[in-house]
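Peer 1: A structural model of the following input is requested.
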Amino acid sequence: MTDVPMKTPWHLWLIGVIAMLFNAIGVFDFVMSMAQGATYQASAGMTPEQIAHYQQMPGWMTLVWAVGVFGAFLASILLLLRRKLALPVFVMSLAAFLVSLFYTYVLTNFGAVMGQQMAIMSAVIAGLLVFFAGYSRFMGARGVLR
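Peer 2: Residues are numbered from 1 along each chain as shown. Prediction:
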C-alpha cells in the first residue's frame, strides 16, 4: 500500500486562518505590553490596579505568557502548513495558559482585580485552545497532517 497524501479539506483552511488570526491578537497584546507597558495597557482600557498587577508580574510568568501566545500562533501556522507538530505545540500553549490561570486565580488575587470579563475571556481562550488541539489531533489521525 502506498501513502497517498490526503486532499486538504476546506475546513482546515477556515479553522487554520481563524486560529492564526485569533492567536495573532495574543501575540500583538504581548508585544505591545512589553514594548509600551502601562501606556498600551491604559489605552486598552485597563485600570491602574490592573496595570500595577501586570507591572509586578514575575519574570517566569512573562516567560509562561510568551510561550502561550507565541506557541499558539506557531501552532496555527503549523496547522496551515499541514504539519503534525501543530498538535504538541497547541498542547504546549494550552499548558502554558493553564499555568497562567493557576497564577492568576490561585497564587495571586489577579482574578479579582481583572473581574468577570477576564474570567469569560479566559474561558473562551481555553476552549479555543482545546478545540484547536483536538482539531489538530483529528486531522493528524485522518492523515491530513504530515
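Peer 1: The protein: helices as residue ranges?
Peer 2: Using DSSP state H, the helices found in the chain span residues 10-36, 38-43, 48-55, 59-80, 86-102, 110-114, 116-141.
Peer 1: check contacts around residue 62.
Peer 2: Shown in contact with residue 62 (CB atoms under 8 Å, 6 or more residues apart in numbering): residue 34. To be clear about C-beta, it is placed using only N, CA and C from the backbone, and glycine gets the same treatment.
Peer 1: Over to residue 136?
Peer 2: Contacts of residue 136 by CB under 8 Å, 6+ apart are 75, 79, 86, 87, 90, 145.
Peer 1: okay, the lowest-mean-pLDDT helix or strand in the chain in CSV with CA atoms only?
Peer 2: When the helices and strands of the chain are scored by mean pLDDT, DSSP states H and E, helix 110-114 comes last with a mean of 83. Taking only C-alpha atoms (Å, rounded to 0.1, in the frame of the first residue of the first chain), the coordinates of helix 110-114 have been written out as CSV:
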residue,chain,number,x,y,z
PHE,A,110,-5.3,39.0,39.9
GLY,A,111,-8.6,37.3,39.0
ALA,A,112,-10.4,39.6,41.4
VAL,A,113,-8.6,42.6,40.1
MET,A,114,-9.5,41.8,36.4
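Peer 1: what helices or strands is that helix leaning on?
Peer 2: Helices and strands touching helix 110-114, by 3 or more CB pairs under 8 Å, 6 or more residues apart in numbering; DSSP states H and E, are helix 48-55.
Peer 1: and the helix it packs on, what does it pack onto?
Peer 2: Under the contact criterion of 3+ CB pairs under 8 Å, 6+ apart, helix 48-55 touches helix 38-43, helix 110-114.
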